[in-house]
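**Q** just a sequence and a predicted model for now, questions to come.
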Amino acid sequence: MKTMRLQGKIALITGASSGIGAATALAFAAEGARLILTARRTAKLAEVAARALAHGAAAVHSIEMDVRERHAVQHAIDALPPEWAEIDILVNNAGLSRGLEKLYTGRIDDWEEMIDTNVKGLLYVARAVVPGMVVRQHGHIVTLGSMAGEMVYPNGAVYCATKAAALAINDGLREDLLGTPVRVTAIDPGLAETEFSTVRFHGDAGRAANVYKGLAPLVAEDIADAILWAVTRPDHVNIARITLSTVHQANSLLVHREP
Ligand code: NDP
Ligand code: 8X3
């Protein structure tokens, strides 16, 4: 009989309605986790919750949450029912890109949305969840960075800056938690075909599909697999950072496309 490696664990995943967050929910579900799924689109969350239960999740608790809403984030964590309050794993995943333009012509509203979500939202969620982990002397935070945070690509300065910030926040958190058993991991994927590019191009699916043309991109399940691996290492092992990409991508700037 298969060992359920996350049995008895509570995992909170932000951005669980789609892509990497949804795939992580299903990967954790198959290991028997109890899942707190959060995002803004509740209908999509409900679909993921049903699939998670079918995959083996011990229980699912869904919360409508916009990570940009500082007080609502704190309230949602404070108001968790006691049986859900002791979060073992936080996957701080909610994020997005908007636009692909030169910095000097970019839309400032796009910048605000990326910074508010990818940087401030990441901080708000960590600030609400991590104190409980310190009190309980147990926990693991997984931050979704990106290859884009390791090397800037043209027309992506602001998105790349938010992901460089995510990496800095993740590294700083690991330093600040030194002396506790709480673990901190950054996951830095390259190109992965999710709703990411459709969101980036404000719903232009044709333009989004072109991003992955001629290559075999990562899929959300590849990244979920890396996250699951990181959180199932022995308690004394901290995976600091995993960078993963399709074999067709060397870094943010170099991609091989078949004609
Ligand atoms: P998707 O667009 O498929 O999923 C993004 C998720 O984030 C959705 O569930 C969305 O939910 C949620 N989200 C966005 N804004 C907010 C918000 N304000 N409050 C709460 N939730 C929000 O993209 P991915 O799965 O690809 O992206 C997930 C993470 O991975 C992001 O941080 C992204 O930057 C990162 N990443 C993605 C890569 C890729 O190539 N796809 C590569 C490297 C990193 P909802 O809209 O329902 O709120
Ligand atoms: C997502 C990867 O290269 O599309 O962070 O920006 S990329």
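**A** Okay, I see it. Numbers count the residues shown, from 1 in each chain. Ligands and ions are numbered 1, 2, ... in the order given.

**Q** all contacts plus neighbour counts: C-alpha atoms, from now on.
**A** Will do.

**Q** doesn't Thr198 make contact with Ala208?
**A** Yes. With contacts counted by CA atoms under 8 Å, Ala208 reaches Thr198, the gap being 5.1 Å.

**Q** all helices for the chain, in order.
**A** Secondary structure of the chain (DSSP state H): helices located at 19-29, 42-55, 70-78, 108-114, 122-136, 157-176, 196-200, 205-210, 220-231.

**Q** and the ones you listed: which comes nearest Arg98?
**A** helix 196-200 (4.1 Å; CA to CA).

**Q** quick one, what contacts the closest residue to Ser245 other than its chain neighbours?
**A** If you skip the residues right next to it in sequence, Ser245 has Gly190 as its closest partner in space, 4.6 Å away by CA to CA, 6 or more residues apart in numbering. Taking CA atoms under 8 Å, 6 or more residues apart in numbering as the contact definition, Gly190 lies against 146-148, 218, 243-246, 249, 251-252.

**Q** and if you look at Ile77?
**A** Contacts for Ile77 were tallied using CA under 8 Å, 6+ apart; they are 85, 128-129.

**Q** report pLDDT for it.
**A** Per-residue confidence for Ile77 comes out at a pLDDT of 98.

**Q** same question for Met1.
**A** pLDDT, Met1: 74.

**Q** can you redo the helices of the chain as TSV with distance to Glu258?
**A** Written out in TSV, the entries for the helices of the chain read as follows (distance: least, CA to CA, whole Å):
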stretch	distance to Glu258
helix 19-29	25
helix 42-55	34
helix 70-78	44
helix 108-114	31
helix 122-136	36
helix 157-176	26
helix 196-200	20
helix 205-210	13
helix 220-231	21
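
**Q** nearest to Asn92, out of those?
**A** helix 122-136 (6.3 Å).

**Q** send me the closest one as PDB with only the CA atoms.
**A** The C-alpha coordinates for helix 122-136 follow below in PDB (Å, rounded to 0.1, in the frame of the first residue of the first chain):
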ATOM      1  CA  LEU A 122       3.700  37.500  -1.200                       C
ATOM      2  CA  LEU A 123       4.700  39.500   1.900                       C
ATOM      3  CA  TYR A 124       1.200  39.800   3.300                       C
ATOM      4  CA  VAL A 125       0.600  36.100   3.100                       C
ATOM      5  CA  ALA A 126       4.000  35.200   4.600                       C
ATOM      6  CA  ARG A 127       3.500  37.800   7.400                       C
ATOM      7  CA  ALA A 128       0.100  36.200   8.300                       C
ATOM      8  CA  VAL A 129       1.200  32.600   8.200                       C
ATOM      9  CA  VAL A 130       4.800  32.400   9.300                       C
ATOM     10  CA  PRO A 131       4.400  33.600  12.900                       C
ATOM     11  CA  GLY A 132       2.300  30.500  13.700                       C
ATOM     12  CA  MET A 133       5.000  28.300  12.300                       C
ATOM     13  CA  VAL A 134       7.600  29.900  14.500                       C
ATOM     14  CA  VAL A 135       5.300  29.400  17.600                       C
ATOM     15  CA  ARG A 136       4.700  25.800  16.700                       C
END
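
**Q** show residues contacting that helix.
**A** Contacting residues not belonging to helix 122-136 are listed as 67-68, 70, 73-74, 77-78, 86-88, 90, 92-94, 139, 166, 169, 180, 182 [CA under 8 Å, 6+ apart].

**Q** give me the buried positions along it.
**A** Applying a neighbour-count criterion of 16 or more other CA atoms under 10 Å, the buried positions in helix 122-136 are 122-126, 128-130, 132-133.

**Q** likewise stretch 134-152?
**A** For stretch 134-152, a neighbour-count test (16+ other CA under 10 Å) marks 138-150, 152 as buried.

**Q** so which of these are in strands?
**A** Helix and strand membership here follows DSSP state E; of the buried residues of stretch 134-152, those in strands are 140-144.

**Q** which of those residues lies closest to Glu113?
**A** Closest approach between these and Glu113, by CA to CA: Leu144, at 16.9 Å.

**Q** right, and the closest one touches Asn118 too?
**A** No. Counting by CA under 8 Å, no contact exists between Leu144 and Asn118, whose distance comes to 9.2 Å.

**Q** can you check which residues contact both of those two?
**A** With CA under 8 Å, 6+ apart as the test, Leu144 and Asn118 both reach Ala166.
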